[in-house]
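*Asks:* Sequence isn't available, so here's the structure alone:
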């Protein structure tokens, strides 16, 4: 394995990758995850759960979603988009956000990023009183016990440390390339062989 890559792929003390970002290899066969990057929100012996960070849902605007939920909002919401978080529970909303504003039900992913799935947090974002940065996703990506580990072993994913630019950056179309560059090489250099030890 490339020495520079392996440094960024080290799991936490339990061997799990919570708070890391998965980068889909160019050989990814599932079109839903082609050139995806996914923040792993939970990873343990029961499986893994993550949110895709770089696929907008063009069929639904943030304002449309708030209207459907009867949530009033500030006239200017910025350029918030609704993202495709993954194919599991596609009607359920998840808010990734900075930790300057958390709810009692928020799950701390790391010191800078939390995940909340409550209407109260969505209302605070709509009112302009929510966290500094956020990403709203519908659905999530899930893996059963051992499934993600097999996919990584089979060269489906690379792993890199998360940062707020990759999670909350607005240039969605560049996130896959930026995540790969964070590993220290050019995305065009990727082949199906990278990642094997």
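*Replies:* Sure, I can see it. Because the structure is a prediction, the values reported are computed rather than measured.
*Asks:* In the helix or strand harbouring residue 94, which residues are buried?
*Replies:* According to DSSP states H and E, residue 94 maps onto strand 88-98. By neighbour count on 16 or more other CB atoms under 10 Å, the buried set for strand 88-98 is 93-98. From N, CA and C alone the C-beta is placed, and that goes for glycine too.
*Asks:* Make a markdown table out of those residues and add pLDDT.
*Replies:* Output for the buried residues of strand 88-98, formatted as a markdown table (pLDDT from 0 to 100):
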| residue | pLDDT |
| --- | --- |
| 93 | 93 |
| 94 | 96 |
| 95 | 96 |
| 96 | 97 |
| 97 | 96 |
| 98 | 96 |
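*Asks:* Those residues into CSV, with extra columns for distance to residue 58?
*Replies:* Output for the buried residues of strand 88-98, formatted as CSV (distance: CB to CB, whole Å):
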residue, distance to residue 58
93, 17
94, 19
95, 19
96, 19
97, 22
98, 25
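*Asks:* so where's the chain shaky on pLDDT?
*Replies:* Applying pLDDT under 70 to the chain flags residues 1-14, 75-78, 190-197.
*Asks:* residue ranges of the strands in it, please?
*Replies:* For the chain, the strands defined by DSSP state E occupy 20-24, 37-44, 47-52, 56-61, 81-84, 88-98, 107-108, 113-116, 134-143, 157-161.
*Asks:* Give me the buried positions along the second one.
*Replies:* By neighbour count on 16+ other CB under 10 Å, the buried set for strand 37-44 is 37-43.
*Asks:* which two in those are spaced the farthest apart?
*Replies:* For the buried residues of strand 37-44, the maximum inter-member distance is 16.8 Å, found between 37 and 42 (CB to CB).
*Asks:* Count the neighbours of residue 51 for me.
*Replies:* By other CB atoms under 10 Å, 26 other residues sit near residue 51.
*Asks:* which residues sit in contact with it?
*Replies:* Counting by CB atoms under 8 Å, 6 or more residues apart in numbering, residue 51 touches 38-39, 41, 83, 85-86, 94, 96, 115, 135, 137, 140-141.
*Asks:* nearest spatial neighbour of it, skipping sequence neighbours?
*Replies:* Spatially, and ignoring its direct neighbours in sequence, residue 51 is nearest to residue 85 (4.5 Å; CB to CB, 6 or more residues apart in numbering).
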